[in-house]
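Student: for reference, the sequence and a predicted model appear below.
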Amino acid sequence: MTSQTTLSREIATEQRYLDRVYARLAQLRAAAEGAERDGYRLAGVGNYGALVERDAMVFHAAKRRAALDAEHEGLVFGRLDRRDGSVQYVGRLGIRDHDTTPLVIDWRAPAAADFYQATAADPRDVVRRRMIRSRGETVTGVDDDLLDPSADVPVVGDGALLASLNRATATGMRDIVATIQREQDAAIRSPASGVTLVEGGPGTGKTAVALHRAAYLLYRDRSRFAGGGILVVGPSPVFIGYIATVLPSLGEHSATLKSLGDLVPGVSAGRLDPAPVATVKGSLRMLTVLRRAAREQLPDAPTELRLTWRGRLLRVDAAMLERIRRRALPRGRRRNEVRRAAFDGVFDALWQDLLDQQPAPDRPRPEFEEELSDRSDFRDFLRAWWPLLRPAQVLGSLADRRRLARLGSGVLSSAEVTALAESFGELAERGPTVADVALLDELDQLLGQPPRPKRRRRDPYQVAPGVSEVTTYADRRAAARTAERERPADYRDYAHVVVDEAQDVSPMQWRMLGRRGRSASWTVVGDPAQTAWNGDEAELARARDGALRGRRDEHTLTTNYRNSKEIFELAAGVIRTVAPTAPLPTPVRSTGVPPEELLTSPASLDATIATAVDALLEQVEGTVGVITPLGSRERVADGLAERPASDGRVQVVTSLEAKGMEYDAVVLVEPHTISAQSGVRTLYVALSRATQRLTVVATEPWRE
Ligand SMILES: Nc1ncnc2c1ncn2[C@@H]1O[C@H](COP(=O)(O)OP(=O)(O)OP(=O)(O)O)[C@@H](O)[C@H]1O
C-alpha cells in the first residue's frame, strides 16, 4: 500500500519539475510575444513587401504563442523511468531548456511512444510509467505502473484511466492524450500512407483515435498534411459539433471537419430519409439513373427552333436537334462542358437551311452568326434548349414520376420509383437530405463545368474590398491564417481523409468521399455491428474499395471505455439477437446501477420522459441525451423546453443523430419504434450512448 507520505513526497517531486517547465514556458511565451511586437514594428516601413514580412512574422509568432497557451492545462502528464536511470517527461508539447535538452517530449514524438506502448510483458526498458494529474499548474495526483517488479522505485496511485473515465461528460468530446491505451496508440501511430482501418465496438475510442491520429500526422509531417489538408468526415452536424474541440485542444486548427451533408459547397443538409429511401439513394443503381439524367434534356426544353431571318423562315426540327445533341455530347463528354459545341451545331444547321434556300447568301457566315447572336429570341432558345444545368435542377426533375420511371428502367422497381419521386418532390421546399448530397455531387461530376476564364488570386492581405492595409491584430492574424488555408470551396485534393462512423457510409457517399481524396492517405473508423445500411453488401465493398486505394493497415479495438458494464450488457443483449457471433468489446467500468426500464401509456409518454430527464439531471453531473425515433424529436424537445435546472445539459436527438454521441445519462424513447424504423443495429447504437445511467421509456414491451 502507498503510504500518504510517499504519495506527498512523489507529488512534491513532480511539482518541482512542473514549476521548472512552466517557468520555461513563460520565457518561451515572452519570446514569442517579443517576435510579434517586432513584427508590428516593421509596419512603419509602409511598403507591401514589409507588410508581407510583418505578417509572416506576426503570424508565426502568434501561432507559437497560441500553441503555448492551448497546451497550458495538463501540459505535462507522463513520466518514464528507464532501466539506465534516465527519466523522460511526456506532455502535450515538446519543450526544450536553454541548452536545448528536452524538458518535455511531445506525445506524438517517436521518443514518447514507449509511454503508451510499454507493458509488463514488453517493458521496452521502462521500469516505471507514471501519469501525472494536474489542475492549472498544480500537481494533484500521480499514478504509477510498475513494469519491472524488481526495480527499486516508489509506486503510487490507482488508475489514471479510471479516474479520467469517471469524470462527467462535457458537451463536447475531450482529448485522451494522457491515457491513450496501447492498442489505440498502435492505430494512432500507424503509417502515414495507405489506408488505416480501425474497427471496434461502441465506446472503444475509435473517434478519439481518429482525431488523435490527425494530430499525430500533422505533427509528423506538417508540410505534407497541413499543406494538402486533412478532412475529417462524420455522420451529422450534431456529431461534428461534439468532436469539434478535440483537435483545437491538441493545438491543431488546420483540419477541416465536415458532416456528410456538408461536403458539397453551397449545400448544407441535416435531414435524413427514411431507411428504405436512403438505401436506394445510396445504392450504385442511382449512378445509372443519374448518368442517364445528366445526358437528357429537361422536360420543358424546346423541341424545335423556328426563326425568321431577313424574311426567310429558318427551321431546325426535333430530329435535327436530337442529332446535334448526340454529336455534341459523345460518350464520356459532359453536358455543361460541351455547350459551345452544341450551339455551334445549331448555327451549322441554321446556315445549312439558309444555303438550301439560298445557295449564295447575301451575308457571309460570320455576319449571319453575329446577327443571330444579338437576337434575344435566339438567345432565349439556346438557353432553354441547352441550359447550364445545375445538379439541383436535374435532381429536382426526378420528382416527375414518369421521367424517373423511364430513367430508372431496368434498375429501379416501381415502388422505388414512387418513393424516390415523392422524396425528390420535397427538394424545392425542404432542401436536400443527407443522402441527396452524394447524388448532387455525382451530378456535378456528370454535368461538368463550362470552361471558365482564369480568375486572379485574391490578395490574402486584403481584409475588405479595397482595404489592403490591415489595421488590427485580429484582422492581421485572420488574414494570415486565411492565406495559409485558403482553398477553393470545392477543394478536393486533401492529403489525408478521416472517415468516422464509416459503417454508415453508402456506396454513393463513398464515391463522393473518394473524389475528395484521390491522392490521399486515409483513416477509416467504424463498427460493422452499428451499421444502418441494409443495401447490397457487394456493391458497398466495391464502392468503398474504389475510394480507398493503397496498402491497408488494420486495427481492432477491444475495450469499451464509455458504457458501464450494466448499460453495455443491455445493449449487447439486443445486438446478439441479430449478430450472435459479432465480437463485442469489454467494458472497463461498473457503476452498480442497472438501466431503468419504464413502461407507460401513449398518453403519459411525454410526461414520463420529462420525469425521467429530471431524475437523471439530479443523478449525474454532466449531459443528458434524449434519443427519440425519427419524426418525434421536435415533439419531445418541445415537451422538454424551458427546464431551468438543465443549464444546456439536455440534448434531444433522433436515433440516427445519436451516432457517435456520448452522454452521461440517456433517456431512450420508444425502442420498438427505433428498431422498426431503422433496424436493431440502430437501436444498439442508441443503447450504447450513456456513460453512467440509462432509462428506457416505452409504450409497449420491446424485448423478450
Ligand atoms: N484511452 C482512453 N482514455 C480515456 N478515455 C478514453 C480512452 N479511449 C476512449 N475514451 C473515451 O471513451 C469514450 C468513447 O470514445 P469514442 O467516442 O472515441 O468511441 P467510439 O469507438 O468512437 O464509439 P462509438 O462507436 O460508440 O461511437 C469517449 O468519452 C472517449 O473520450
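Tutor: That came in fine, so what should we check first? Numbers count the residues shown, from 1 in each chain.
Student: which SS class is the residue of the stretch 551-700 of the chain found nearest the ligand?
Tutor: Across the stretch 551-700 of the chain, the shortest distance to the ligand (CB to the nearest ligand atom) belongs to Y561, at 3.5 Å. C-beta here means a position set from N, CA and C on the backbone, and glycine is covered the same way. Per DSSP: H, G, I helix; E, B strand; the rest coil, the secondary structure class of Y561 is strand.
Student: so it sits against T204, correct?
Tutor: Yes. In this structure, Y561 is within contact of T204 by CB atoms under 8 Å, at 7.0 Å.
Student: picking up where we left off before, quick one: contacts for the residue of the stretch 551-700 of the chain closest to the ligand?
Tutor: For Y561, the contact set (CB atoms under 8 Å, 6 or more residues apart in numbering) comprises L161, L165, G203, T204, G205, V588, R589.
Student: what does P701 give?
Tutor: Residues in contact with P701, defined by CB under 8 Å, 6+ apart, are L599, H672.
Student: kindly provide the distance from it to the ligand.
Tutor: P701 sits 26 Å away from the ligand, going by CB to the nearest ligand atom, to the nearest Å.
Student: how close does the residue of the stretch 551-700 of the chain closest to the ligand sit to T586?
Tutor: Distance, Y561 to T586, by CB to CB, to the nearest Å: 10 Å.
Student: next one: L257
Tutor: Taking CB to CB, one finds L257 at 30 Å from T586.
Student: which one's more surrounded, the two?
Tutor: Per other CB atoms under 10 Å, whichever of L257 and T586 has more neighbours is L257, with 21 against 11.
Student: what helix or strand does that one sit in?
Tutor: L257 is part of strand 255-259 when elements are defined by DSSP states H and E.
Student: kindly tell me how buried W107 is, as a neighbour count.
Tutor: Neighbour count of W107, defined by other CB under 10 Å: 27.
Student: check whether it really touches D175, as I assumed.
Tutor: No. If you go by CB under 8 Å, W107 and D175 don't touch, sitting 9.9 Å apart.
Student: flag every residue of the stretch 51-200 of the chain that's near the ligand.
Tutor: L161, S164, L165, R174, I176, T179, I180, Q181, Q184, G200 (CB under 6 Å from any ligand atom).
Student: now tell me what touches the strand holding L257 from outside.
Tutor: With CB under 8 Å, 6+ apart as the test, strand 255-259 has contacts from 214, 218, 229-237, 239-240, 243-244, 247, 270, 434, 494, 498.
Student: please pick the buried ones from the residues you listed.
Tutor: Burial of the contacts of strand 255-259 was assessed by neighbour count (16 or more other CB atoms under 10 Å); the buried members are 214, 218, 229-237, 239-240, 243, 247, 434, 494, 498.
Student: of the residues of the stretch 51-200 of the chain next to the ligand, which is the nearest to D145?
Tutor: The nearest member of those to D145, counting by CB to CB, is L161 at 10.2 Å.
Student: quick one, grab the pLDDT at the closest one.
Tutor: On pLDDT, L161 comes in at 69.
Student: over to P465?
Tutor: pLDDT recorded at P465 is 50.
Student: what's the longest helix in this protein?
Tutor: helix 4-41 (DSSP state H).
Student: in that one, what counts as buried?
Tutor: Neighbour-count burial for helix 4-41 [16+ other CB under 10 Å]: 10-11, 14-15, 17-18, 21, 24-25, 28, 32, 35-36, 39.
Student: who does it touch, helix- and strand-wise?
Tutor: Packed against helix 4-41 by the contact rule (3 or more CB pairs under 8 Å, 6 or more residues apart in numbering; DSSP states H and E) you find helix 48-70, strand 76-82, strand 87-91, strand 95-96, strand 102-106, strand 126-135, strand 138-146.
Student: identify the residues contacting stretch 420-432?
Tutor: Stretch 420-432 is contacted from outside by 261, 267, 269, 271, 273, 277, 280-281, 392, 395-396, 398-401, 404, 408, 412, 433, 436, 440, using CB under 8 Å, 6+ apart.
Student: near the ligand, which residues of the stretch 501-650 of the chain show up?
Tutor: Counting by CB under 6 Å from any ligand atom, the stretch 501-650 of the chain sits next to the ligand at D527, Y561, R562.
Student: from L165, how far out is the second one?
Tutor: Computed as CB to CB, the Y561 to L165 distance reads 6 Å.
Student: what residues are shared contacts of those two?
Tutor: V588, R589.
Student: where does this protein have its least confident helix or strand?
Tutor: Using mean pLDDT, DSSP states H and E, helix 473-485 stands out as the lowest-scoring helix or strand of the chain, at a mean of 50.
Student: mind checking what helix or strand follows that one in sequence?
Tutor: Later in the chain than helix 473-485, the nearest helix or strand by DSSP H and E is strand 496-499.
Student: give me the residues contacting whatever helix or strand comes next after that next one.
Tutor: Using DSSP H and E, the next helix or strand after strand 496-499 towards the C-terminus is helix 507-514. Residues outside helix 507-514 that contact it (CB under 8 Å, 6+ apart): 233, 260, 263-264, 281-284, 286-287, 435, 437-439, 441-442, 497, 499, 505, 535-536, 539-540, 542-544, 546-548.
Student: of the residues you listed, select the buried ones using a PyMOL command.
Tutor: To isolate the buried ones among the contacts of helix 507-514 in PyMOL, judged by 16+ other CB under 10 Å, type:
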select buried, resi 233+260+263+264+281+282+283+284+286+287+435+437+438+439+441+442+497+499+505+535+536+539+540+543+544+547+548
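Student: dig out what V524 forms beta bridges with.
Tutor: Beta bridges link V524 to L197, V499, judged by DSSP bridges.
Student: ok so, going back, save the buried residues of helix 4-41 as a markdown table, and put in pLDDT too.
Tutor: Shown next, in a markdown table, are those (pLDDT from 0 to 100):
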| residue | pLDDT |
| --- | --- |
| E10 | 91 |
| I11 | 93 |
| E14 | 95 |
| Q15 | 96 |
| Y17 | 96 |
| L18 | 94 |
| V21 | 92 |
| R24 | 89 |
| L25 | 87 |
| L28 | 84 |
| A32 | 74 |
| A35 | 70 |
| E36 | 64 |
| G39 | 63 |
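Student: give the helix, strand or coil label for the residue of the stretch 51-200 of the chain found nearest the ligand.
Tutor: In the stretch 51-200 of the chain, the residue that lies nearest the ligand is T179 (3.5 Å; CB to the nearest ligand atom). Of the three states, T179 takes coil under three-state DSSP.
Student: from what I can see it touches I132, true?
Tutor: No. Proximity of T179 to I132 does not meet the contact threshold set by CB under 8 Å, at 11.7 Å.
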